[in-house]
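S.K.: Here's my sequence, what's the structure:
(one chain, ligands or ions: 1)
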Amino acid sequence: MEYWSFSNGFGLDNLIRKSGKLPRPGPRDVLLEMQAASLNYRDLVVMRAQHGKMVQPPLIPLSDGVGVVIETGKDVTGFKIGDRVCPTFYQHWQGGPPPADLEVGRLGGPLDGVLASHCVYPASTLVRVPDHLSDEEAATLPCAGVTAWSALSEPAPVRPGETVLILGTGGVALMALSLAKASGARAIVTTSGPSKAEKVRELGADIVIDRSAEENWAQTVRKATGGIGCDRVLELGGAQTLGASTKAVRTGGTIVLIGNVTGNNAELFLPLVLTRRLTLHSVSCGSRAAFEAMNRALEQHCIRPVISEIIPFETAPAAFTALETHKGVGNICISSFPGSGR
Ligand SMILES: NC(=O)c1ccc[n+]([C@@H]2O[C@H](COP(=O)([O-])OP(=O)(O)OC[C@H]3O[C@@H](n4cnc5c(N)ncnc54)[C@H](OP(=O)(O)O)[C@@H]3O)[C@@H](O)[C@H]2O)c1
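M.R.: Got it, this is the predicted structure:
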């Protein structure tokens, strides 16, 4: 098989293309020929060696990918050759509350990820993907898609007529936009400039706030909601946005903490959190059951993830560089895997 691996350390200089033996499936495993992968912000954190002691080289990167079943172990039921499937981000979270050792089961660190021509997974960790999606679109589902789904489902599902504020236009944010609109919610999206703002309007956002022109976006959100504030914030910014999110959300509303692209240490004005009776709920991707539930919604509403750029397998490191600058909106994908192209 062909694969990319952080071999002698992290950093793009250490991301090396390699060849190895084809992995063999055990009795309950499935061998996949990978077709496409998708990057998440987390993959940058891993590449920069900032993901903590548990994630160490040698490591095949990336958690999100889609493959085709080319061999099944003798005890496998439910999958057949030719099925198009994704491995789950958490390999050991089937459903219900998260397991106590949640962190050990993540693909793309500490477990080897999907940037390989062939991968073997236990059949119990695979999810069949909707037919209407391209390989690149399907590749975005395990982490970016499921996280967006969880952020709109927890601690209670978003309801028609509610207003959801989504920060940024990355992979999680834009899947959340599609799912929020399909739920009948009103979506407000913040972004970093006019050209991204235009794209997000085209994708169906009800209100788009260009942060480069409107610094006080919390006030804009309150005005747009009749002074009340939004029902839910999908907080992807972290340190530098959390304070404004507490001002943008209504009394009794929920801030779903998903990401921290602007830093790790936030300062909060607690009287505001207390008097507004805010709920701060954190989300960590989701289970296999959540993935399957999301897929039913994608099929029902014919939702397609937004792809900003596709980079071939042979120049895979360029995808990390593209994610660092993130000029487009949505997901950056890798395709043309060796042996793919059914
Ligand atoms: N909890 C989980 O399970 C989970 C799962 C997936 C991702 N995450 C986290 O969620 C975050 C986003 O992940 P992703 O993979 O979707 O990232 P991504 O595709 O790299 O997108 C990041 C986006 O953040 C936006 N951004 C940058 N600065 C911002 C700011 N000051 N305020 C608001 N938005 C800003 C940018 O959009 P604009 O230029 O349009 O503003 C950018 O496109 C990351 O922190 C990631 O670690 C968490």
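
S.K.: drop to CA atoms for contacts and neighbour counts, all remaining ones
M.R.: OK.

S.K.: How about the residues of the protein by the ligand?
M.R.: Selection of the chain residues close to the ligand by C-alpha under 6 Å from any ligand atom yields 40-42, 143-144, 147, 167-173, 191-192, 236-237, 258-262, 283-285, 323, 326, 331.

S.K.: ok, the nearest residue to Asn264 once chain neighbours are set aside - contacts?
M.R.: Of all residues not flanking Asn264 in the chain, Ala239 sits nearest, at 5.5 Å (C-alpha to C-alpha, 6 or more residues apart in numbering). Applying C-alpha atoms under 8 Å, 6 or more residues apart in numbering, we find Ala239 in contact with 260, 262-267.

S.K.: Closest to Val69 out of those residues?
M.R.: Nearest to Val69, judged by C-alpha to C-alpha, of those is Asn260 at 35.3 Å.

S.K.: so that closest one sits right up against Ala266, yeah?
M.R.: No: under the criterion of C-alpha atoms under 8 Å, Asn260 makes no contact with Ala266, lying 9.4 Å away.

S.K.: any idea whether the residue most central in space within the chain is helix, strand or coil?
M.R.: Per C-alpha atoms, centre = their mean, the C-alpha nearest to the average position across the chain is that of Ala144, at 1.3 Å. When classified by DSSP: H, G, I helix; E, B strand; the rest coil, Ala144 comes out as helix.

S.K.: my guess is it meets Gly171, correct?
M.R.: Yes: between Ala144 and Gly171 there is a contact under C-alpha under 8 Å: 5.8 Å.

S.K.: Mutual contacts of the two, please.
M.R.: Asn40.

S.K.: Who wins on neighbours among the contacts of Ala239?
M.R.: Asn260 (18 neighbours; other C-alpha atoms under 10 Å).

S.K.: list the helices and strands the longest helix anywhere in the chain packs on?
M.R.: Identified as the longest helix of the chain according to DSSP state H is helix 288-301. On a contact count with 3 or more C-alpha pairs under 8 Å, 6 or more residues apart in numbering; DSSP states H and E, helix 288-301 meets strand 126-128, helix 146-153.

S.K.: any chance of those in CSV, plus mean neighbour count and mean pLDDT?
M.R.: Listed next are the helices and strands packed on helix 288-301 as CSV, based on neighbours: other C-alpha atoms under 10 Å; pLDDT from 0 to 100:
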stretch, mean neighbour count, mean pLDDT
strand 126-128, 21, 98
helix 146-153, 25, 98
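
S.K.: out of these, nearest to Glu299?
M.R.: Per C-alpha to C-alpha, nearest to Glu299 of the helices and strands packed on helix 288-301: strand 126-128, 12.0 Å.

S.K.: Partner strands of the closest one and their direction?
M.R.: Strand 126-128 has its sheet partners listed here by DSSP bridges as strand 84-87 (antiparallel).

S.K.: hey, where'd the strands end up in the stretch 51-200 of the chain?
M.R.: For the stretch 51-200 of the chain, the strands defined by DSSP state E, counting those that start in this stretch occupy 64-72, 84-87, 118-122, 126-128, 163-167, 186-191.

S.K.: mind listing what's buried in stretch 12-20?
M.R.: Going by neighbour count (16 or more other C-alpha atoms under 10 Å), the buried part of stretch 12-20 is 14-15, 17.

S.K.: Let me know the average pLDDT across that stretch.
M.R.: Regarding stretch 12-20, the rounded mean pLDDT is 97.

S.K.: Then stretch 52-60?
M.R.: For stretch 52-60, the mean per-residue pLDDT is 95.

S.K.: outside of it, which residues touch it?
M.R.: 3-10, 46, 104, 108-116.

S.K.: One more pass at 6 Å, please.
M.R.: With C-alpha atoms under 6 Å, 6 or more residues apart in numbering as the test, stretch 52-60 has contacts from 4-7, 9, 109-110, 112-113.

S.K.: cool, and stretch 188-205?
M.R.: Counting by C-alpha under 6 Å, 6+ apart, 165-168, 187, 206-212 sit against stretch 188-205.
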